[in-house]
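Engineer: below is the sequence, then the predicted model.
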Amino acid sequence: MSVSGLLLFCFAGLIAAHELRAESTVAERDSRSAPTESSVTFSSVHVNGPYIAITFDDGPSATLTPKLLDLLAAHHIKTTFFVIGENVAEHPDIVARAAREGHEIGNHSWSHPNFAKMSEEGVRSQLRRTDDVIKSATGLRPTLLRPPYGSITAREKRWIHDEFGYQIILWDVDPYDWKRPGPAVVRNRILKETQPGSIVLSHDIHPGTIEAMPSTFDALEAKGFKFVTVSELIRMAIPQASHAPQTGGSAAPNSPSSTPIQRPSPPGG
Ligand SMILES: [Zn+2]
């Protein structure tokens, strides 16, 4: 190797070492700032296989949720509903049906406020009332929380997990269906972004979302994806080797990688 080649080699090595160090520092800082952070908050899950979790927020809706439940039953798909407490109080029968048919019910607050801007007492009341109304409708207490808009402070995550035992569920696929872009756009965004381990955000209070689902489910099934609830997906989690090369052997048939891309979750939820 020439001198200049050697220098180049050393320089590249230095950069690589620096990057590795920077990454591990970030990882260490994350795990230090909240000892249970990685086991409490999920926007996707590292899994071995083509498993995904579709989630529906803000319901139940008197007309749309039963329609969606019919569709899910026809496809034998289990999903997760993050329900609004005041809607559950109005339609407990719909939530009871969802639970009876194998879907998971998670807490999405009583009236959809922004937790990050609220007092601890205010958040506690939102969670408690919703927890209670879900328990009375389904017989089970929820174990998952999706904060409205995905907005929650690190401090709130910790005390909520300690007090309620909730895992905090965000998402890595957002079709922005709440902007009502039309069923085709909702479907195409979901198809483009979903990969093994994805948690897909959508809302069962918008007609276009429900309209998008038959072809979305068909297309996801055709790609080989399998639908599970969020808790099932989390139970399938396997350790993620942070710097190991990609093996690529565990991905869904049409997916380039089995490693979920960790993206910040934009406001939606
Ligand atoms: Zn919401």
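Structural biologist: Perfect, I can see it now. Numbers count the residues shown, from 1 in each chain.

Engineer: would you map the helices across the stretch 101-250 of the chain?
Structural biologist: Remark: helices assigned in the stretch 101-250 of the chain by DSSP state H, counting those that start in this stretch are 120-138, 154-164, 183-193, 207-222, 230-235.

Engineer: and residue 95, which of the ones you listed is closest to it?
Structural biologist: Judged by C-beta to C-beta, the one of these that comes nearest to residue 95 is helix 120-138, at 4.5 Å. Yep, even glycine has a C-beta here, placed from its N, CA and C like the rest.

Engineer: name the residues of that closest one that come out as buried.
Structural biologist: 123, 124, 126, 127, 129, 130, 131, 133, 134, 137, 138 (16 or more other C-beta atoms under 10 Å).

Engineer: do it and the ion come into contact?
Structural biologist: No - Helix 120-138 lies apart from the ion when judged by C-beta under 5 Å from the ion; the minimum separation is 12.2 Å.

Engineer: state the distance from residue 141 to residue 165.
Structural biologist: 9 Å (C-beta to C-beta, to the nearest Å).

Engineer: likewise residue 228?
Structural biologist: Residue 228 sits 21 Å away from residue 165, going by C-beta to C-beta.

Engineer: so for those two, which residue has more residues nearby?
Structural biologist: residue 228 (23 against 13; other C-beta atoms under 10 Å).

Engineer: picking up where we left off before, may I see the helices of the stretch 101-250 of the chain arranged in CSV, with mean pLDDT as well?
Structural biologist: Below are the helices of the stretch 101-250 of the chain laid out as CSV (pLDDT from 0 to 100):
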stretch, mean pLDDT
helix 120-138, 98
helix 154-164, 97
helix 183-193, 98
helix 207-222, 98
helix 230-235, 98
